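Chemist: predicted model follows, preceded by the sequence.
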Amino acid sequence: MEATGREIVRLTCICLHESDEQNVRGVTMYPQKHRMRNTGAFTFLAYFTLGAGVLLFSIGLYNATGLQLYEKGYYIACMLLVAVGSILTQKVVRDNAEDRAIIEEQEREFNLKVSKVEKETPK
């Protein structure tokens, strides 16, 4: 089946984009796919820090009888660890949720473009 002049112009317009972008079946991808900001190791570290701080603080409270100066320092260190762990965990959870939403949106838009081009392309 031969393509008419109008179809050739339409396909050319779809394919002609900036040179640094990828073309897949005439569909322009994003210049660079969005990637997750937090690695698995960093996410694990955030959860581990929060869990370790809560565990150490709980052990200290369980064993507390009379508070000496070194015990007060231990509690202050544990409270700081719990605070940092909770802030870090909150940031990691928020960033991962935002990244997943962005990646899903990019994939949805790409799939729509691919299906649109496939429908328009004569077989």
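Modeler: Alright, I've got the coordinates. Numbering: from 1, shown residues only.

Chemist: pLDDT below threshold where in the chain?
Modeler: Residues of the chain meeting the criterion pLDDT under 70: 1-32, 123.

Chemist: please enumerate the strands of the chain.
Modeler: Shown for the chain, the strands assigned by DSSP state E span residues 23-24, 27-28.

Chemist: from the rest of the structure, what touches stretch 60-74?
Modeler: Under the contact criterion C-beta atoms under 8 Å, 6 or more residues apart in numbering, stretch 60-74 has outside partners 75, 78. Any C-beta I mention is one placed from the backbone N, CA and C, and that applies to glycine too.

Chemist: give me the buried positions along it.
Modeler: 60, 74 (16 or more other C-beta atoms under 10 Å).

Chemist: how long is that stretch end to end?
Modeler: Across stretch 60-74, the terminal residues are separated by 8 Å (C-alpha to C-alpha, to the nearest Å).

Chemist: Arg108 and Val114, how far apart?
Modeler: As for Arg108, its distance to Val114 is 11 Å (criterion: C-beta to C-beta, to the nearest Å).

Chemist: the more surrounded of the two?
Modeler: More crowded of Arg108 and Val114, by other C-beta atoms under 10 Å: Val114, with 15 against 10.

Chemist: ok, now which residue in this protein is the farthest from the centroid?
Modeler: Here the chain reaches farthest from its C-alpha mean at Gly66, the gap being 46.4 Å by C-alpha atoms, centre = their mean.
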